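*Asks:* I would like the atomic coordinates for the input below:
(2 chains)
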Amino acid sequence: MKIGYFLENAYLDLFTSLQRNIEHYKTTDEWIKEYFKGRHYYKDSPIDANLPALSVEVGDIINVKMLYDSLKGKLNPKQASQPRLWSYLTHTQYWKYSVKRWSKDADTIAKLRQRFFCGSERGNRRGFMRNSVAQLWWFGYLTYQEDNPSNRYILTELLLSNSDLCKCVVEVNFSMNKNITSGILLAIKEINDTQKNEVTREEWRALCKYINRKGAVCILDALTQDEIKEISLNYIMNLRKR
Amino acid sequence: MNKKTNINFPHPVLNNGEDYQENNEFAIVPDAPVFDGNIIAINIKYELKSPGVIKSIADGDLSAAIYLECIVTGFRKLLYFDNAAAECTIKVNSTDVSDELTIKGYLIANKKISEFKLDEHNSIFSSASIGLDKGGIAAITDVWKVSLDDYDPLKDKPSIFKITIGPDDQPYNVVVDESGERIGIRIKKELFDKYERFKTAPDVSAFLGALFVIPVLTETLRKMRDGQYEEDDKNRKWFKAIESQLQKHSIVLGNETSMIGVADKIITNVFNNSLDKIKKICGDMFNDETEVV
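*Replies:* This next block holds a predicted model:
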């Protein structure tokens, strides 16, 4: 099935009419077809995929696996950076899922823009990480381990084990380099697996800040995943010695 | 090209403030991108003036590299120059990038360098023992931004104008937004809904668009003539497209008295064409009536 996306004016209509449509976002009743009655509001993209049924009950990690698997090799980062694609899916196929998952939390226009659109009108990196459906794909994209056939989602599971860890790791400049994201998560996983105490919120926050600061004077992209992992391990272990 | 910003590096960085003595430089010069199917190729040269740094590259301590980033898609990539070459062609898949590609040049430490001391360093660094970690930045260049959607929108589609629905709280029915690559004409919902309904009728869209575009273009031309745009605006696609059309028609705005006349010229007789469209529709209506009679 071809995946659809909003036509620009339909998208802008919804984006700019949030205040007027706010009641719609409080119920799972579908309303988009009726709202655009008589108007062309979407188009089919060339992306052909059988999209899975997402469910709040199964949890984010299962939803990431289902969505990312269904789109793997079919959706590229450029397409995945189109707010009209994700907001279309959020408002149509995944409307019920999105309302159930985020409506309680999305009680302001700004929050609705994050969860049902992609933050700003043109979308931005943080927006893609917060849109109800886009975030599932991007979490999968950033943490999928092609070279770990026993569990390719092992780092996705760690990332989604705590919302604060997820935010710290994916909502920073360096997150778009999979080597850096994976290196940090591999270090945290190794400590969790081998040390008495798992990495705490304060420790991963400090680590992400440290890596971010290091990125100002050093090209992190010049480092391998193993080197980032080693830097991260050393940083946390040194932090524990203080 | 944007000027690099100063960062407080813990070590001397070529091109960063006065970390190096005068006459030491590192710069990159990218050519215009070449599009070949899905591949975007950009040839880049670098120029380096600093004997100590050149030796460090030859010794394998430092490497010259190009860092590419696309803010829209999150794409980022680091590509190294061959040690012996000061020129390389970078190739990027067009599915990875969109709108604009940021290009920065760096000299990067290939390994941990415990003592990074060169004769070219400013004397304030002479007494300190300074090292570089692997990946440490030894030189930076200005930032280049390469547009990936290079088109002449007045000549070819898409248009430099984008008519869209505006927020309810905008002060007027029609608001012009010049902050993007295209000039946004934002219409309040009630008006916009009417516009959308008419737009689907055959032959109507051309003069309906002109109805909004002409006054906006006239105002834009007046502001261009009066020098009211900032440097940022002058780099936008709509500004360049209008400039190129003015050049094409040998129009110097300062010599023109009627901006609406200029608008008519550069959109190629928009009034005449719009009236022809209206005439066609009205003619059809009259013909219908004639038949009934």
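*Asks:* what about the residue nearest the centre of chain A, which SS state?
*Replies:* For chain A, the residue nearest the mean C-alpha position is residue A:135 (2.2 Å; C-alpha atoms, centre = their mean). For residue A:135, the secondary-structure state derived from DSSP: H, G, I helix; E, B strand; the rest coil is helix.
*Asks:* show me where chain B has strands.
*Replies:* B:25-30, B:34-36, B:39-49, B:62-70, B:75-80, B:87-93, B:100-109, B:137-140, B:144-147, B:161-165, B:174-177, B:183-187 (DSSP state E).
*Asks:* highest mean neighbour count out of the ones you listed?
*Replies:* strand B:137-140 (a mean of 24; mean count of other C-beta atoms under 10 Å in any protein chain shown). (Each C-beta comes from the backbone N, C-alpha and C, glycine too.)
*Asks:* residues in contact with that strand?
*Replies:* A:217-219, B:4, B:9, B:11, B:13-16, B:26, B:48, B:53, B:56, B:62, B:104-109, B:116, B:132 (C-beta atoms under 8 Å, 6 or more residues apart in numbering or on different chains).
*Asks:* average pLDDT for it?
*Replies:* Averaged across strand B:137-140, pLDDT comes to 92.
*Asks:* off-centre distance for it?
*Replies:* 25 Å (C-alpha atoms, centre = their mean, to the nearest Å).
*Asks:* ok, what's across the strand from residue B:39?
*Replies:* residue B:36, residue B:93 (DSSP bridges).
*Asks:* burial count for the residue nearest to residue B:176 when sequence neighbours are not counted?
*Replies:* Of all residues not flanking residue B:176 in the chain, residue B:216 sits nearest, at 5.4 Å (C-beta to C-beta, 6 or more residues apart in numbering or on different chains). As a burial measure, residue B:216 scores 18 neighbours (other C-beta atoms under 10 Å in any protein chain shown).
*Asks:* just checking, residue B:216 touches residue B:185?
*Replies:* Yes. With contact defined as C-beta atoms under 8 Å, residue B:216 counts as touching residue B:185 (5.7 Å).
*Asks:* what touches both of those two?
*Replies:* With C-beta under 8 Å, 6+ apart, residue B:216 and residue B:185 have common neighbours B:161, B:176.
*Asks:* what is the neighbour count of residue B:212?
*Replies:* There are 17 residues near residue B:212, going by other C-beta under 10 Å.
*Asks:* correct me if wrong: it contacts residue B:184.
*Replies:* No. Applying C-beta under 8 Å as the test, residue B:212 and residue B:184 come out as separate, 11.0 Å apart.
*Asks:* I'd guess residue A:186 is in a helix, am I close?
*Replies:* Yes. Per three-state DSSP, residue A:186 lies within a helix segment.
*Asks:* against residue A:113, how distant is it?
*Replies:* Using C-beta to C-beta, to the nearest Å, residue A:186 is found at 34 Å from residue A:113.
*Asks:* can you check residue B:114 too?
*Replies:* Distance, residue B:114 to residue A:113, by C-beta to C-beta: 50 Å.
*Asks:* so these two - more neighbours on which side?
*Replies:* Neighbours were counted for residue B:114 and for residue A:113 using other C-beta under 10 Å; residue A:113 has more, 20 against 9.
*Asks:* could you find the closest non-adjacent residue to the more buried one?
*Replies:* Using C-beta to C-beta, 6+ apart, the closest residue to residue A:113 is residue A:119 (6.2 Å).
*Asks:* count of residues packed around the one you found?
*Replies:* Counted with other C-beta under 10 Å, the neighbours of residue A:119 add up to 19.
*Asks:* residue contacts, the closest residue to residue A:230 other than its chain neighbours?
*Replies:* For residue A:230, ignoring the flanking residues on the chain, the nearest one in space by C-beta to C-beta, 6+ apart is residue A:187 at 7.7 Å. Shown in contact with residue A:187 (C-beta under 8 Å, 6+ apart): A:207, A:228, A:229, A:230, A:232, A:233, A:236.
*Asks:* I figured the second one hits residue A:188, correct?
*Replies:* Right, residue A:228. No. Using C-beta under 8 Å, residue A:228 is not in contact with residue A:188; the gap is 11.6 Å.
*Asks:* which pLDDT value goes with residue 72?
*Replies:* Going with chain A. For residue A:72, pLDDT reads 94.
*Asks:* could you do chain B instead?
*Replies:* If you check residue B:72, the pLDDT there is 81.
*Asks:* any stretches of the stretch 101-250 of chain B with poor pLDDT?
*Replies:* B:149-158, B:199-206 (pLDDT under 70).
*Asks:* stretch A:188-204: which residues count as buried?
*Replies:* By 16 or more other C-beta atoms under 10 Å in any protein chain shown, the buried positions in stretch A:188-204 come out as A:188, A:189, A:191, A:199, A:203, A:204.
*Asks:* show me what from the stretch 1-150 of chain B comes close to chain A.
*Replies:* Counting by C-beta under 8 Å from any C-beta of the partner chain, the stretch 1-150 of chain B comes close to chain A at B:7, B:9-11, B:65, B:67, B:71-78, B:94-98, B:106, B:108, B:133-137.
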